[in-house]
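[1] The sequence isn't on hand, but the structure is:
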């Protein structure tokens, strides 16, 4: 499949993954300083977004949607946990539901999750021409 065809069919997914990855990437230094375990999770999230995006640009695009959906769902769960009960060593964000980057990230993650669910339910021929 040519790159332009792949971009036309999976460009929105790539843009969403880029946004999710970028928001977390720019926060890695702070997270590594305050809660190293969360910093490393952010590094894994960014690497996972890159891998999912690469799969979207291949004939294995369904794997990209699966990985991106897992990352998005995990990030949403992490956001809820850090804002509600906190995580071990990470209690500073409890109650901080309105942090702008976090809210934007939630929107992007939810959008990717919805797109992935749609793409994975669609007939393979309808999204990978």
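    Happy to help now that I have it. Being a predicted model, the structure only gives us computed values, none of them experimental.

[2] Where do the strands of this protein begin and end?
    Assigned by DSSP state E, the chain shows no strands.

[3] where are the low-confidence patches of it?
    Scanning the chain with the threshold set as pLDDT under 70 gives 1-7, 123-129.

[4] Apply 90 and report the result again.
    1-11, 34-35, 57-60, 82, 86-99, 122-129 (pLDDT under 90).

[5] Now do the helices in it.
    3-25, 28-34, 36-56, 61-83, 100-121, 124-127 (DSSP state H).

[6] Please name every helix or strand in contact with the third one.
    Read that as helix 36-56. helix 3-25, helix 28-34, helix 61-83 (3 or more Cβ pairs under 8 Å, 6 or more residues apart in numbering; DSSP states H and E). C-betas here are computed from N, CA, C, even on glycine.

[7] can you put those in CSV and add mean neighbour count and distance to residue 100?
    Below are those laid out as CSV (neighbours: other Cβ atoms under 10 Å; distance: least, Cβ to Cβ, whole Å):
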stretch, mean neighbour count, distance to residue 100
helix 3-25, 18, 10
helix 28-34, 14, 15
helix 61-83, 19, 13
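
[8] For residue 108, which of these is the nearest?
    helix 3-25 (4.5 Å; Cβ to Cβ).

[9] so that closest one versus helix 100-121, what angle?
    150 degrees (axes from the mean of the first three to the mean of the last three Cα atoms, to 10 degrees).

[10] Give me the residue at the spatial middle of this structure.
    residue 72 (4.2 Å; Cα atoms, centre = their mean).

[11] What count of nearby residues applies to residue 45?
    Using other Cβ atoms under 10 Å, residue 45 has 22 other residues around it.

[12] Distance check, it against residue 9.
    Applying Cβ to Cβ, to the nearest Å, the value for residue 45 to residue 9 is 24 Å.

[13] Find the nearest non-adjacent residue to residue 110, please.
    Excluding the flanking residues, the one nearest residue 110 by Cβ to Cβ, 6 or more residues apart in numbering is residue 76, at 6.9 Å.

[14] Likewise for residue 38?
    residue 31 (4.7 Å).

[15] Could you measure from residue 116 over to residue 89?
    Distance from residue 116 to residue 89, by Cβ to Cβ: 31 Å.
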